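1. No sequence on hand, only this structure:
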């Protein structure tokens with residue numbers, strides 16, 4: 001069975017990749033970035049490459065990041081853990097050096113990104129955005145995204161773009177379809193996450209979707225994957241999306 005058609009962008013759009021290679025990078029148009037005042041990231045762990053790339057494009061953006069694990073203590077524990085992996089399991093030194101770099105980089109970039117150690121729950125989005133407008137959301141909260149969809153719809157007039165990863169989509173197709181219809185933004189991109197297991201039809205169970213208010217349309221036919229797309233897991237076979245007619 002092919003993929004549900006409502007996931008397919010209706011037109012090709014001019015998009016750019018922001019964030020690191022493979023998992024952690026997302027596609028979005030520059031109009032969304034340039035016309036926005038705030039970037040709110042839900043779920044960041046130890047990867048803020050997307051946020052830093054966005055700031056390079058629009059230095060006036062104010063960035064707020066919410067994650068229930070990220071802290072100096074968390075990053076220091078990663079250094080200790082990676083050191084032990086090298087000592088006991090002969091792990092790659094690059095992993096240790098990367099965690100050390102992230103520890104010190106986090107201290108530096110706290111001046112640019114407002115990190116908050118917090119889980120996002122019902123109504124939190126309403127409170128966070130009470131005095132904000134022209135917002136970009138980046139959301140990767142491992143299945144909890146379904147708990148905040150109604151809140152996003154309630155503030156849809158404040159939103160310029162939503163970059164969101166949906167998990168276990170085979171269980172939530174209808175809920176996602178209703179959200180895409182209600183949010184009032186154009187679906188400009190979809191990318192399968194090949195870390196996810198296939199459903200019974202061989203389709204991905206996690207996808208990254210970009211929804212935007214301001215777009216640059218391109219001529220010609222839509223081509224997926226986009227030339228800027230990269231496999232989330234570089235060592236795994238990627239999904240090729242084929243949509244229903």
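-> That came in fine, so what should we check first? Remember, it's a predicted structure, so these values are computed and weren't measured experimentally. Residues are numbered from 1 along each chain as shown.

2. What is the three-state secondary structure of the nearest residue to residue 144 once chain neighbours are set aside?
-> Closest residue to residue 144 apart from its sequence neighbours, by CB to CB, 6 or more residues apart in numbering: residue 120 at 7.0 Å. To be clear about C-beta, it is placed using only N, CA and C from the backbone, and glycine gets the same treatment. Residue 120 carries the three-state label coil when classified by DSSP: H, G, I helix; E, B strand; the rest coil.

3. so where's the chain shaky on pLDDT?
-> 1, 87-90 (pLDDT under 70).

4. partners of residue 186 in the sheet?
-> Per DSSP bridges, the residues bridged to residue 186 are residue 212.

5. I should have written residue 164 there, sorry.
-> residue 139, residue 209.

6. Tell me how far it lies from residue 50.
-> According to CB to CB, to the nearest Å, residue 164 stands 13 Å off from residue 50.

7. Quick check: neighbours shared by the two?
-> Common neighbours of residue 164 and residue 50, counting by CB atoms under 8 Å, 6 or more residues apart in numbering, are residue 138.

8. where exactly do the helices run in this structure?
-> Remark: helices assigned in the chain by DSSP state H are 30-34, 49-57, 72-89, 93-109, 124-128, 149-154, 173-183.

9. Same list, these, but as CSV with distance to residue 217 please.
-> Output for these, formatted as CSV (distance: least, CB to CB, whole Å):
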stretch, distance to residue 217
helix 30-34, 11
helix 49-57, 20
helix 72-89, 41
helix 93-109, 34
helix 124-128, 29
helix 149-154, 24
helix 173-183, 18
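
10. circling back to that earlier point, the residue nearest to residue 144 contacts residue 148, doesn't it?
-> Yes - using CB atoms under 8 Å, residue 120 is in contact with residue 148, at 6.1 Å.

11. close enough to count as contact, residue 221 and residue 9?
-> No - in this structure, residue 221 is not within contact of residue 9 by CB under 8 Å, at 11.1 Å.

12. picking up where we left off before, what's the closest of the helices of the chain to residue 203?
-> Residue 203 sits nearest to helix 173-183 of all the helices of the chain, at 10.2 Å, using CB to CB.

13. Just the buried positions in the closest one, please.
-> For helix 173-183, the buried set under the neighbour-count rule, 16 or more other CB atoms under 10 Å, comprises 176, 179-180, 183.

14. and the residues you listed as TSV, adding distance to residue 20?
-> Shown next, in TSV, are the buried residues of helix 173-183 (distance: CB to CB, whole Å):
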residue	distance to residue 20
176	26
179	27
180	27
183	27
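
15. closest to residue 204 among these?
-> Distance to residue 204, by CB to CB, is smallest for residue 176 among the buried residues of helix 173-183, at 12.9 Å.

16. could you list every residue that touches the closest one?
-> Residues in contact with residue 176 (CB under 8 Å, 6+ apart) are 6-7, 166, 169.

17. ditto for residue 186
-> Applying CB under 8 Å, 6+ apart, the residues contacting residue 186 are 9-10, 13, 211-213, 215.

18. at 10 Å instead, please
-> Counting by CB atoms under 10 Å, 6 or more residues apart in numbering, residue 186 makes contact with 9-11, 13, 29, 161, 180, 210-215, 217.
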